[in-house]
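Student: got a predicted structure here, sequence first:
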Amino acid sequence: MKLNELHDNEGATHSRKRVGRGIGSGKGKTGGRGVKGQKSRSGVALNGYEGGQMPLYRRLPKRGFVNIFAKSFNTVSLGRLQQAIDAGRLDASKEIDVAALIAAGIVRRPKDGVRVLGDGEISAALNLNVAGASKSAVEKVEKAGGSVKTA
């Protein structure tokens with residue numbers, strides 16, 4: 001196969017439909033939009049709008065409680081930390097905090113901190129400084145000779 005022989009599969013590409021180019025084209029005048037009204041114009045945002053009738057999302061009862069002060073934590077397992085240490089992305093001799101985890105690519109953004117969970121095994125002695133840790137995670141880290149400091 002040569003570069004000049006490359007082409008899309010049959011029917012994979014469609015030529016652009018030229019609307020509003022005269023009545024004879026079959027898509028002239030209203031350009032396939034029907035006739036008049038809000039939907040025939042550009043910039044229409046009608047999701048959830050029911051013509052002035054009480055919308056469905058307001059007619060239905062609301063349930064439960066949403067805590068607007070709830071904190072959102074990143075969760076990191078001990079197995080994931082061990083993987084990063086084995087790959088050389090995380091230095092076990094230094095203190096491991098949110099900034100170190102972001103630099104290692106384990107966490108994308110800080111949110112409200114990091115919570116360490118105990119799934120997976122850890123062999124390196126880690127010095128963790130995190131927002132929270134599960135009991136099993138603390139046990140495993142201390143058993144491996146490390147320490148966990150929670151804020």
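Tutor: Happy to help now that I have it. Numbers count the residues shown, from 1 in each chain.

Student: could I get the full set of strands for this structure?
Tutor: Per DSSP state E, the chain carries strands over the ranges 74-77, 95-96, 114-117, 127-130, 132-133, 147-150.

Student: which other residues reach the fifth one?
Tutor: With contacts defined as CB atoms under 8 Å, 6 or more residues apart in numbering, strand 132-133 is touched by F73, G113, V114, R115, V116, L117, V141, V148, T150, A151. Using the backbone N, CA and C atoms, a C-beta is placed for each residue, glycine as well.

Student: filter the residues you listed to the buried ones?
Tutor: F73, G113, V114, R115, V116, L117, V141, V148 (16 or more other CB atoms under 10 Å).

Student: let me have these in CSV, adding distance to N4 as columns.
Tutor: Output for the buried ones among the contacts of strand 132-133, formatted as CSV (distance: CB to CB, whole Å):
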residue, distance to N4
F73, 55
G113, 56
V114, 53
R115, 56
V116, 56
L117, 55
V141, 60
V148, 62
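
Student: closest to G79 out of those?
Tutor: L117 (9.3 Å; CB to CB).

Student: beta partners for the closest one?
Tutor: According to DSSP bridges, the residues that bridge with L117 are S77.

Student: and it, what does it touch?
Tutor: Counting by CB under 8 Å, 6+ apart, L117 makes contact with T75, V76, S77, L78, A133, S134, S136, A137.

Student: quick one: buried ones out of these?
Tutor: Buried by 16+ other CB under 10 Å: V76, S77, L78, A133, S134, A137, out of the contacts of L117.

Student: relative to L101, which of the residues you listed is nearest.
Tutor: Comparing those against L101 with CB to CB places V76 closest, at 6.6 Å.

Student: where's that closest one relative to V44, distance?
Tutor: 44 Å (CB to CB, to the nearest Å).

Student: again, but for E139
Tutor: 58 Å.

Student: pull the distance from stretch 57-73 to the chain's centre.
Tutor: 20 Å (CA atoms, centre = their mean, to the nearest Å).
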